[in-house]
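**Student:** Turn this into a structure:
(2 chains)
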Number of protein chains: 2
Amino acid sequence: MSRAYEKVALIGLGLIASSMFWAMKRGALAGEVRGYARSGETRDVAREIGLCDVICDSAAEAVKDADLVVLCVPVGAMGAVAQEIAPHLKAGATVSDVGSVKKAVIDAVGPYLPENVHFIPAHPLAGTEHSGPRSGFATLFDNRYTLLVPAEGTAPEAVQKLRDLWEGIGAKVEEMDAEHHDLVLGVTSHAPHLIAYTMVGVADDLRRVTDSEVIKYSAAGFRDFTRIAASDPTMWRDVFLNNKEATLEILGRFTEELFALQRAIRTGDGDMLHAYFTRTRAIRRGIIEAGQDTDAPDFGRVNKT
Amino acid sequence: MSRAYEKVALIGLGLIASSMFWAMKRGALAGEVRGYARSGETRDVAREIGLCDVICDSAAEAVKDADLVVLCVPVGAMGAVAQEIAPHLKAGATVSDVGSVKKAVIDAVGPYLPENVHFIPAHPLAGTEHSGPRSGFATLFDNRYTLLVPAEGTAPEAVQKLRDLWEGIGAKVEEMDAEHHDLVLGVTSHAPHLIAYTMVGVADDLRRVTDSEVIKYSAAGFRDFTRIAASDPTMWRDVFLNNKEATLEILGRFTEELFALQRAIRTGDGDMLHAYFTRTRAIRRGIIEAGQDTDAPDFGRVNKT
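**Tutor:** So this is what the prediction gives:
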C-alpha cells in the first residue's frame, strides 16, 4: 500500500492516537507523524517510548504542514482544539477526529475550520478499558469498523484518501450520517457503558454485601461489567453529555423492557423469560459469525492460577 | 491428594457436571464417577466423548452405592430429581448440588431426603456462555470460588470431605448461609445477567437500528453484554424465578441509580458523572488484584482477522 498522507498530526496521545501511530508504522502509511498532547507528562512518555516521529510542544507546531490532522482528544475538548489549530492548518489539508459522538463534534469543530480544508469526522469502533499513551497497540483496529461521517459536498477524493488510511490501518470502513451514527452508537456502546457503570456503582453501594465479596465472587458474571466500567471517566462523561438525546431515548426503552422482565419475574412468568433469553442468543451468534468476537468460552480469558 | 469419595454420581450432564468430571479425573479425586442425564441424546454424547466412567439410564441406578451425589440440573428441576433418587440413596451418602440459588434449592430438595444422608448445598462460581455435555473442561473451577451452604448441625467431617473435593478440583472454598448467598449472587451474577439480557433485547428490538448494524458495530462495548446474554435460557429462567426477592431488590436499587445518572446526563452534570465513573474503576482494580480476572486489554481477546 502506498502512503495515504505524507505528513500526519495526532492531537491528543491516548489509546486511539497511540494505536493509530503504531498501525501507521506497521503499514508504512505516513511519511512523518507528529504528535501533541496538552499534558507535559504525556509528551514525556511519548518521547520515551518512541510514540510519533516528532513530539511537538504546541498543537500549532504539530499541525503546520500536516496533510492530515486527527483530533484524538475527549469530545468535550474538540472545539477548543479546533479553535487553537485553525489558523495554522495547511490549505488543502484534511481534518478528522476519532470522537465517539459525531453531531456534537461537527457542531463544535466545524465553525472554526477554514474553507480550504476538508473536514471528515470519523469514529473507529475499537478500544479497550485501558487509556493513556502507553496503552496503544498496532492491531487494535484490525477487522473492526471505522465509520466516516463526511458532510454532504465533501470532495470524494479526500474521503477516499482517509478511507485508504483506515483500511491500511486494518479497519473496515463504512460511511454514515451523523445522526444515525449517534443513534447506532447509543445502542452498541453508550447505553451499555452507562448500564455497566450503574451496575458496578450499585454493587459498590449495597450495604449488605461487602466490596470484598463483590470482588471475590465477581466471576459469576459481574466482572464483565467491571471491565467496561473501568473505561476512561473523562472520555465517557463527554460522550454522555454530547449524545444526550440518543442515550436517553435508548435508556428509556431499556427501562421499559427491564420493567417488563421484572414483572415476569414477580408474576412467575417463566415462558416469557425463557422466550426472551432464547431470542438474545441469536444476536451473539450473529456477532461471532461476523467475526466481531471470539467464540472461545469467556472470551478465551486466561484462567490465572 | 487422596480420594475424597470412592463413588460419585453426577445427575445432569451440562457445563458444570462435565467440567467437574474432567477436573476429578485430572486430580484422580474419585474412584468411579457415574453420570445420568434425562435426555437420551445427552447420554449418547457423554458415552461418545468418555464423559463419566459409567453412564446410567436412570437416576436411581446412578446414585445407588454413591458416596456423593451431585445434582447438576436447572434449579427448577432439583425437587423432582430429589424425589426420584431419595429411595435409592446409600445410608451415609452426601447429597450436594451446584445450583445458582440456594434457599429455593434447599426448600425443594430438603424435604425429600432421608435422615441418614448429609445434604450440603454448594455453588461453584464459574461458568461460560456455553452449555451442554461437550462444553466442560478441567480448568473451569481453577482459582474460582465454590460456596458451601451447609445447614446448621451438618456433620463437620462430611462438610470437610466436600470441601476437600472442591479444593482438589481447583476451587477456593468458603461457607455462607443460604440467604446471604442469594443476595451476594443477586449482585454479582443474577442482576448483571438480567441487565445484559435486557440490553441485548432492546438492541434487537429498536426499529431504527438494524440487527445487522448492531452486530457489525458491537465491538464498541455491546458484545460484552451479548456473551452473558447467550447463557442457557432454562438455567437462567429458573434462577430468576427462584431468587425473586433478592433479584428484584437489586434491580430496584439499579433503577434508582440509573435514574440518577440519566438525570445527570439530562441536566448536564458532568462532575457527578466523572466522579461516578472514577469510583467504579477501583472495583475493577480490586478484581484484578484478587486474581479474579485478567488485566489484558479486552480480556485478552484474540482479535481475529
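**Student:** how close does A:Asp269 get to A:Ala275?
**Tutor:** Per CB to CB, to the nearest Å, A:Asp269 is found 10 Å from A:Ala275. No exception for glycine: its C-beta is placed from N, CA and C like everyone else's.
**Student:** Show me the contact partners of the longest helix along chain A.
**Tutor:** Scanning chain A for the helix with the most residues, using DSSP state H, yields helix A:244-267. For helix A:244-267, contacts defined as CB atoms under 8 Å, 6 or more residues apart in numbering or on different chains pick out A:182-183, A:185-187, A:190-191, A:194-195, A:240, A:269, A:272-273, A:276, B:194-195, B:197-199, B:201-202, B:205-206, B:240-241, B:244, B:247-248, B:251, B:255, B:258, B:262, B:265-266, B:268.
**Student:** can you pull the buried residues of the next helix or strand after it?
**Tutor:** Downstream of helix A:244-267, the first helix or strand assigned by DSSP states H and E is helix A:270-289. Going by neighbour count (16 or more other CB atoms under 10 Å in any protein chain shown), the buried part of helix A:270-289 is A:270, A:272-274, A:276-277, A:279-281, A:283-284, A:286-288.
**Student:** got the angle between helix A:270-289 and helix A:244-267?
**Tutor:** Interaxial angle, helix A:270-289 versus helix A:244-267 (axes from the mean of the first three to the mean of the last three CA atoms, to 10 degrees): 140 degrees.
**Student:** any residue of helix A:270-289 up close to chain B?
**Tutor:** Yes. Interface with chain B: helix A:270-289 contributes A:270, A:273-274, A:276-287 (CB under 8 Å from any CB of the partner chain).
**Student:** So what's the residue count around A:His181?
**Tutor:** Other residues within reach of A:His181 by the criterion other CB atoms under 10 Å in any protein chain shown amount to 24.
**Student:** so what's the backbone phi/psi at it?
**Tutor:** phi -50, psi -50 (degrees, to the nearest 10).
**Student:** Which residue is the nearest non-sequential neighbour of it?
**Tutor:** Excluding its sequence neighbours, the residue lying closest to A:His181 (CB to CB, 6 or more residues apart in numbering or on different chains) is A:Lys102, at 4.6 Å.
**Student:** My guess is the one you found contacts A:Leu183. True?
**Tutor:** No. The pair A:Lys102 / A:Leu183 is not scored as a contact, 10.5 Å apart, by CB atoms under 8 Å.
**Student:** Could you list the domains of chain A?
**Tutor:** The record's domain parsing of chain A by automatic domain parsing lists A:5-176, A:180-268.
**Student:** if we can go back for a sec, which of the buried residues of helix A:270-289 sits closest to B:Trp236?
**Tutor:** Comparing those against B:Trp236 with CB to CB places A:Phe277 closest, at 5.5 Å.
**Student:** what sits against A:Ser100?
**Tutor:** A:75, A:123, A:185, A:189-190, A:235, A:239, A:243, B:220.
**Student:** And the pLDDT at it?
**Tutor:** Per-residue confidence (pLDDT) for A:Ser100: 96.
**Student:** For it, give its distance to B:Leu15.
**Tutor:** For A:Ser100, the distance to B:Leu15 - CB to CB - is 36 Å.
**Student:** could you pull out the strands for chain A?
**Tutor:** A:5-11, A:30-36, A:54-55, A:68-71, A:94-97, A:118-119, A:122-124, A:145-148, A:172-175 (DSSP state E).
**Student:** can you put these in a markdown table and add distance to A:Pro156?
**Tutor:** Converted to a markdown table, these look like this (distance: least, CB to CB, whole Å):
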| stretch | distance to A:Pro156 |
| --- | --- |
| strand A:5-11 | 17 |
| strand A:30-36 | 21 |
| strand A:54-55 | 31 |
| strand A:68-71 | 16 |
| strand A:94-97 | 13 |
| strand A:118-119 | 10 |
| strand A:122-124 | 16 |
| strand A:145-148 | 12 |
| strand A:172-175 | 11 |
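**Student:** Which one of the ones you listed lies nearest to chain B?
**Tutor:** Closest approach to chain B among these is made by strand A:145-148 (5.8 Å; CB to the nearest CB).
**Student:** Paired strands for the closest one, with orientation please.
**Tutor:** Strand A:145-148 pairs in its sheet with strand A:122-124 (antiparallel), strand A:172-175 (parallel), by DSSP bridges.
**Student:** Quick one: mean pLDDT over that strand.
**Tutor:** Average pLDDT, strand A:145-148: 98.
**Student:** Give me the contacts around it.
**Tutor:** So strand A:145-148 is contacted by A:120-125, A:159, A:162-163, A:166, A:169, A:171-176, A:181, B:216-217, B:219 (CB under 8 Å, 6+ apart).
**Student:** The same query, at a cut-off of 10 Å, please.
**Tutor:** Applying CB atoms under 10 Å, 6 or more residues apart in numbering or on different chains, the contact partners of strand A:145-148 are A:96, A:98, A:102, A:120-126, A:154, A:159, A:162-163, A:165-167, A:169-176, A:178, A:180-181, A:184-185, A:292, B:213, B:216-220.
**Student:** Buried among those? Need that as a selection in PyMOL.
**Tutor:** PyMOL command restricting the contacts of strand A:145-148 to the buried ones, with burial defined by 16+ other CB under 10 Å:
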select buried, (chain A and resi 96+98+102+120+121+122+123+124+125+126+154+159+162+163+165+166+167+169+170+171+172+173+176+178+180+181+184+185+292) or (chain B and resi 213+216+217+218+219+220)
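**Student:** And for the closest residue to A:Gly286 other than its chain neighbours, the neighbour number?
**Tutor:** The shortest distance from A:Gly286 to any non-neighbouring residue, by CB to CB, 6+ apart, is to B:Ile215 (4.3 Å). When counting by other CB under 10 Å, one arrives at 23 neighbours for B:Ile215.
**Student:** Quick check: neighbours shared by A:Lys102 and A:Leu183?
**Tutor:** Contacts common to A:Lys102 and A:Leu183, judged by CB under 10 Å, 6+ apart, are A:176, A:243.
**Student:** ranges for the helices of chain A?
**Tutor:** A:15-26, A:40-49, A:59-63, A:78-85, A:103-109, A:156-169, A:178-185, A:191-205, A:211-216, A:222-228, A:233-242, A:244-267, A:270-289.
**Student:** Can you add mean pLDDT and give these back as TSV?
**Tutor:** Below are the helices of chain A laid out as TSV (pLDDT from 0 to 100):
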stretch	mean pLDDT
helix A:15-26	98
helix A:40-49	98
helix A:59-63	98
helix A:78-85	98
helix A:103-109	98
helix A:156-169	98
helix A:178-185	97
helix A:191-205	95
helix A:211-216	93
helix A:222-228	93
helix A:233-242	96
helix A:244-267	97
helix A:270-289	94
